[in-house]
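>>> Have a look at this fold, sequence not included:
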């Protein structure tokens, strides 16, 4: 077995460590000139394994210039890795400079880095694209020896991953000797990731290294005292138990699934915080300075808990964290393991996690996820094909670097796995779009960005094109946001423009862990003041809900269908399922159970599809279109992660027709033609492709202006060039991502000939959560109490007075009724964490 030279062997020995086999395997792979994908559990020394070849090489043969690129999906992770990497470099007195380069890096430091590159540069896909677009990129990267891609599973299959894959293909031209190392703890399809990492898009070109051993995570299920809620997804009913667990642990990360849920859970914990524990809040809409303060406080061991969204899912090493609490079902096994890995960041000791389901269906999902994690099974799909909008941005980046010939660039692009199947026609259409906008837009001067010379090479028209590209590059298109600023104070963060449009002066809402009162809208910010009020609203964010994965959904169906697997379920859930089998029947494992019943002068159809909220939203639109054609008078629908519920004026009959595979034909086309979804998708694609510019010197555009511009161009293209490359990209994205059409198609194919229709006289036990959700859709004004009474009546009707189901009003849901963006229960004045300094401390 390979041994480490000094001073590395002494450094390991001084800590009582031995190099792990997978760390030595990475060294061996690089020494042989191989690329490698390392899959190792959290705490297994993945990051050190990735950097060891670089450190050994530079220690043995010091030189100037850039040696290794480290690419992270998160700016915070790059900063954290830089801090951790400096410890061994300093302790071994290695002559190695490490620096970060992200969107937060000051301009003077960026200029210095280009003039005198560090040995190791830690960056993000966006900053790498910017570097590659510079005229001196060939000289800057000429000596590059290694490329480390951390959390590779979080990049592959995303638009940022497409951007990075294209950058890697360009680096293979500029520095063909650079070895690639991918790092991840959760890989469901390793061969697909190996192909994504490879310089030739072939899995066999990358060595797979898998760490052996490691302690299995330890899970616990936490239910609220008293009755288990039937509906709701915030988990607030369990906050007293969550607080007790926080109090008993050293440091806890409380993970939630949405930013609105983060605000509510943080407020609930502070109401319970009699011991004044330092607890903080962290999510992507908070001001960056506030997030950095929380991260620094966690790193310094000054916090007992932080309530966080996916903003802290990845890689940051806080060794003192000994407990992770997941509020709500995890929605995926890989996602759960990624979060659990934040606790006890050591490979040989188990990470400990507590799952807190918000309702009865989520209990089953949590049990399914724990069983899968214990069995070492992961969910996940192979990376999808690359986006044409990202390719357009890359083409312009390469033109900003230097003139190129389309033949050479096409050969380079198809060596990136996401674009390996790219046709020459699509490539040429993308290049033509970047050149002059395409046939329908070529007459407009502002869309002419490139010109061809006599040899067919493409050049940028002028320096303005490069300047505008660098101002607008990136593949993350945020929903239009607006700053929230405290009157006479600092910025708290951002909320979406649509939410602000619903506010009137004096309205209160919960944000950044405090209740604020809306005062006015300035051109650049929402001005608020410290507020109170009985019913503060809660900002919600488009696209913030995580979908239930297909693989975990199948496990949930399997548990529901097989009573022999109910032993691990809590008694209330077992009784609920038993009652369902008496009143109706249990959903089949591979088929579809559809129930219909009358209630309140309407008819309800409940389909137990288990395909996730996004797929159910689309399926609901398609099925109601079909019902309308058949004269059933659909009135509305709601999709949860587990079921689709539709209410109509007339009794649904012949339900097999409603779930026929052909609804993806006429109904789909009709809906897409009428829907605003394609326009929204086009706006995002046009922004990434560079057709729309949000940032312009002295003329920043609002979200509304961007939407108006996008709509005008969309109409022009549909009328004059319906085959435009961006319209093709828009349709592909709508079918592949926004509507989850592939998942719906798989469902419809699976259930043909296996649809069971139960015509009931009243609501069934499993249908109650969906009807509670339906009630929330209909409630208006101050009718929340009436809704709670209605929900209690639903339970009573479904259980027919069964004694074990005697519920109070508060027991029916998880303690919160969401109406639009309003929230219950009524928050009391909450004490403030000293790590959130945006507002003065308030008394209990």
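Yep, it's here. Just so it is clear, the structure is predicted and the values come from calculations on it, not from any experiment.
>>> where do the helices sit along the stretch 101-250 of the chain?
107-115, 125-132, 137-141, 159-174, 190-197, 239-248 (DSSP state H, counting those that start in this stretch).
>>> now the ones you listed as TSV including mean neighbour count, distance to residue 329 and mean pLDDT?
Where C-beta positions appear, they are placed from N, C-alpha and C, glycine not excepted. Shown next, in TSV, are the helices of the stretch 101-250 of the chain (neighbours: other C-beta atoms under 10 Å; distance: least, C-beta to C-beta, whole Å; pLDDT from 0 to 100):
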stretch	mean neighbour count	distance to residue 329	mean pLDDT
helix 107-115	12	43	89
helix 125-132	23	30	95
helix 137-141	18	44	96
helix 159-174	23	26	97
helix 190-197	22	26	95
helix 239-248	18	15	94
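>>> To residue 681, which of these lies closest?
For residue 681, the closest of the helices of the stretch 101-250 of the chain is helix 159-174, at 12.5 Å, according to C-beta to C-beta.
>>> my guess is residue 492 meets residue 515, correct?
No. Residue 492 lies out of contact with residue 515 (C-beta atoms under 8 Å); the separation is 11.9 Å.
>>> Between the two, which is the more surrounded one?
Using other C-beta atoms under 10 Å, the more surrounded residue of residue 492 and residue 515 is residue 492, with 25 against 22.
>>> how about the more buried one, phi and psi?
phi -90, psi -30 (degrees, to the nearest 10).
>>> Give me the pLDDT for it.
In this model, residue 492 is scored at 83, pLDDT.
>>> try residue 710
At residue 710, pLDDT is 82.
>>> That one sits in which helix or strand?
Using DSSP states H and E, residue 710 falls within helix 703-720.
>>> Tell me the helices and strands packed up against the next helix or strand after that helix.
Per DSSP H and E, the first helix or strand lying C-terminal to helix 703-720 is helix 725-733. Counting contacts by 3 or more C-beta pairs under 8 Å, 6 or more residues apart in numbering; DSSP states H and E, helix 725-733 is packed against helix 388-401, helix 424-436, helix 677-689, helix 703-720.
>>> Could you single out the most deeply buried of those?
Of these, the one with the most neighbours on average (mean count of other C-beta atoms under 10 Å) is helix 388-401, at a mean of 26.
>>> tell me the average confidence for it?
Averaging pLDDT along helix 388-401 gives 97.
>>> so which of the helices of the stretch 101-250 of the chain gets nearest residue 424?
Of all the helices of the stretch 101-250 of the chain, helix 159-174 sits nearest to residue 424, with 16.4 Å by C-beta to C-beta.
>>> Quick one: work out the angle between the closest one and helix 190-197.
Angle of helix 159-174 versus helix 190-197, following axes from the mean of the first three to the mean of the last three C-alpha atoms, to 10 degrees, is 50 degrees.
>>> roughly how far out does helix 159-174 sit from the chain middle?
Using C-alpha atoms, centre = their mean, to the nearest Å, the mean C-alpha position of helix 159-174 is found 22 Å from that of the whole chain.
>>> How about residues contacting it?
69, 71, 73, 125-126, 128-129, 132, 137-138, 141-142, 144, 147, 149, 155-156, 178, 180, 196, 199, 383, 386-387, 389-391, 393-394, 398, 412-413, 415-419, 475-476, 688 (C-beta atoms under 8 Å, 6 or more residues apart in numbering).
>>> Tell me how far the residue of the chain positioned farthest from its centre lies from residue 608.
In terms of distance from the mean C-alpha position of the chain, residue 454 ranks first, at 46.2 Å (C-alpha atoms, centre = their mean). Residue 454 is 66 Å from residue 608, where distance means C-beta to C-beta, to the nearest Å.
>>> Distance to residue 652 for the helices of the stretch 101-250 of the chain - can I get that in CSV?
Converted to CSV, those look like this (distance: least, C-beta to C-beta, whole Å):
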stretch, distance to residue 652
helix 107-115, 62
helix 125-132, 48
helix 137-141, 61
helix 159-174, 40
helix 190-197, 41
helix 239-248, 39
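>>> nearest to residue 232, of those helices?
helix 239-248 (12.7 Å).
>>> which strands and helices sit next to the closest one?
Contacts defined by 3+ C-beta pairs under 8 Å, 6+ apart place helix 239-248 against strand 252-255, helix 259-272, strand 323-327, strand 352-356.
>>> Compare those and say which comes out lowest on pLDDT.
When the helices and strands packed on helix 239-248 are compared on mean pLDDT, helix 259-272 scores lowest, with a mean of 89.
>>> Quick check: next helix or strand after it?
strand 279-282.
>>> Which parts of the stretch 351-500 of the chain are helices?
Along the stretch 351-500 of the chain, counting by DSSP H, counting those that start in this stretch, helices occupy 360-374, 388-401, 406-413, 424-436, 463-472, 497-501.
>>> what stretches of the stretch 251-400 of the chain score poorly on pLDDT?
Residues of the stretch 251-400 of the chain meeting the criterion pLDDT under 70: 311, 313-319, 345-348.
>>> do you know which of the helices of the stretch 101-250 of the chain lies nearest residue 354?
The minimum distance between residue 354 and those falls on helix 239-248, with 6.0 Å, by C-beta to C-beta.
>>> what angle separates the closest one from helix 259-272?
Orientation of helix 239-248 against helix 259-272 (the same axes, to 10 degrees) gives an angle of 70 degrees.
>>> neighbouring contacts of helix 239-248?
Identification of contacts with helix 239-248 by C-beta under 8 Å, 6+ apart yields 222-225, 252, 254, 265, 268-269, 272-273, 275, 277, 279, 304-305, 323, 325, 327, 354, 356.
>>> which residues sit in contact with residue 516?
Listed by C-beta under 8 Å, 6+ apart, the contact partners of residue 516 are 484, 486, 492, 508-510, 528-531, 839.
>>> That's all I had, so thanks and see you.
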